[in-house]
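In: Sharing a sequence plus its predicted fold:
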Amino acid sequence: MDIYIADADDDGERLDRVLTACLQQYSRSYINKIVKEGNVLLNGKAAKPSARIAEGDRIDFHVPEKVIPDILPENIPLDILYEDDDVLVVNKPKGMVVHPAPGHYTGTLVNAVMYHCGSSLSGINGVLRPGIVHRIDRDTTGSVIVCKNDAAHRSIAAQLKAHTIVRRYCAICCGVLKDDDRTIDAPIARDPKERKRMAIVPGGKRAVTHVHVLKRFREYTFVECRLETGRTHQIRVHMASIGHPLLGDEVYAGRRKWPFETQGQCLHAGILGFIHPRTGEYIETHAPIPDYMQHILDVLP
């Protein structure tokens, strides 16, 4: 077992928070799991994740090696926007995780495209993310590009790095934006207080979002967000940072009672444009606004 001695900064903190800060490569939920499985001792005794730490406490811990299960193809229907021998663009539904991860090894987009494409997927990102060069959040809907071979993967990855891929999202945000157009240029990094969140952090990676108002309502605004960069949760973090979090966003909008059943943030990756890796032709796909979002737009006063 490894050993950690709590210092003054740890005094009064929960055991799982202290361990998460020590083991930043692991999520807090995974740390909770190993504590509950008896892999952590506090002053020589088993403890709960919520146990409070005092300066000088000894924490003995062992992080077992993760076992990656076989990722199997699943016959899950796909809404295909574009497909050829090199790339596949799908309209991802709400609630679907893009690639397998702890707690989500089935029912993902990867499981679906493995069934659809067979062995024709890029292997650059390994067995957990075959063909996946970018992703969108579980509760975000819309366009995701999947690469069928390594050459296509390298080309699309290079375009993402150069910020030349066109990515236009539509979203419903809280409050009424005054300006028709604005650009949010604010660096994003992992929230130092909560690993599962991202935040505006000085010294973080540069993040730029261009926001255009499509329609104003009494208490909400329908906007288009064009990504210049592609940081994790970028639109959600940026919109919350200017006081206009996305409708339904349970992470960045604080505790609110929502007037609609949104099942997460109202965010849709509508337009995706890229240079085809083989032909050099510009390809642009359009994912229609999902029914749940269109219904909200239809009934908003």
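Out: The structure has been received and is ready for your questions.
In: going forward, measure contacts and count neighbours with C-alpha atoms only.
Out: Will do.
In: what about the strands in the stretch 51-200 of the chain?
Out: 58-61, 80-83, 87-92, 141-147, 166-174, 181-185, 188-190, 198-200 (DSSP state E, counting those that start in this stretch).
In: which residues touch the nearest residue to residue 214 once chain neighbours are set aside?
Out: Nearest non-adjacent residue to residue 214, counting by Cα to Cα, 6 or more residues apart in numbering: residue 223, 5.0 Å away. By Cα atoms under 8 Å, 6 or more residues apart in numbering, the residues touching residue 223 are 170, 171, 172, 173, 211, 212, 213, 214, 215.
In: where along the stretch 101-250 of the chain do the helices fall?
Out: 109-117, 150-161, 234-241 (DSSP state H, counting those that start in this stretch).
In: Which of those sits closest to residue 272?
Out: helix 150-161 (11.5 Å; Cα to Cα).
In: Write the PyMOL selection for whichever of the contacts of residue 223 are buried.
Out: In PyMOL syntax, the buried subset of those is picked out as below (16 or more other Cα atoms under 10 Å):
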select buried, resi 170+171+172+173+211+212+213
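In: Please name the bridge partners of the residue nearest to residue 214.
Out: In this entry, residue 223 is beta-bridged to residue 171, residue 213, by DSSP bridges.
In: Quick check: the gap between it and residue 137.
Out: 18 Å (Cα to Cα, to the nearest Å).
In: circling back to that earlier point, I'd like the helices of the stretch 101-250 of the chain laid out as TSV, including mean neighbour count and distance to residue 2.
Out: Putting those into TSV (neighbours: other Cα atoms under 10 Å; distance: least, Cα to Cα, whole Å) gives the following:
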stretch	mean neighbour count	distance to residue 2
helix 109-117	21	36
helix 150-161	18	38
helix 234-241	22	36
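In: closest to residue 6 out of the ones you listed?
Out: The closest of these to residue 6 is helix 234-241. By Cα to Cα, the value is 32.3 Å.
In: per-residue confidence averaged over that closest one?
Out: Model confidence over helix 234-241, given as mean pLDDT, is 98.
In: can you check stretch 65-73 too?
Out: In this model, stretch 65-73 has a mean pLDDT of 78.
In: separation between the closest residue to residue 222 other than its chain neighbours and residue 253?
Out: Distances taken as Cα to Cα, 6+ apart place residue 172 nearest to residue 222, at 4.6 Å, with adjacent residues excluded. Per Cα to Cα, residue 172 is found 12 Å from residue 253.
In: Common neighbours of these two, please.
Out: Taking Cα under 8 Å, 6+ apart as the contact rule, residue 172 and residue 253 both touch 246, 247.
In: phi, psi of residue 268?
Out: phi -140, psi 130 (degrees, to the nearest 10).
In: tell me which element residue 272 falls in.
Out: Following DSSP states H and E, one finds residue 272 within strand 267-275.
In: Ignore what I typed, I meant residue 298.
Out: Element membership for residue 298, per DSSP H and E: helix 291-299.
In: Sort out which residues of that helix are buried, please.
Out: 293, 296, 297.
In: pLDDT averaged over that helix, what's the number?
Out: 96.
In: what do you get for stretch 37-46?
Out: 93.
In: again, but for stretch 153-160
Out: Averaged across stretch 153-160, the pLDDT comes to 96.
In: quick one: contacts of that stretch?
Out: 122, 124, 131, 133, 147, 165, 230, 274, 275, 277.
In: cool, stretch 58-72 as well?
Out: 1-6, 34, 39-44, 100, 105-106, 111, 114, 127-128.
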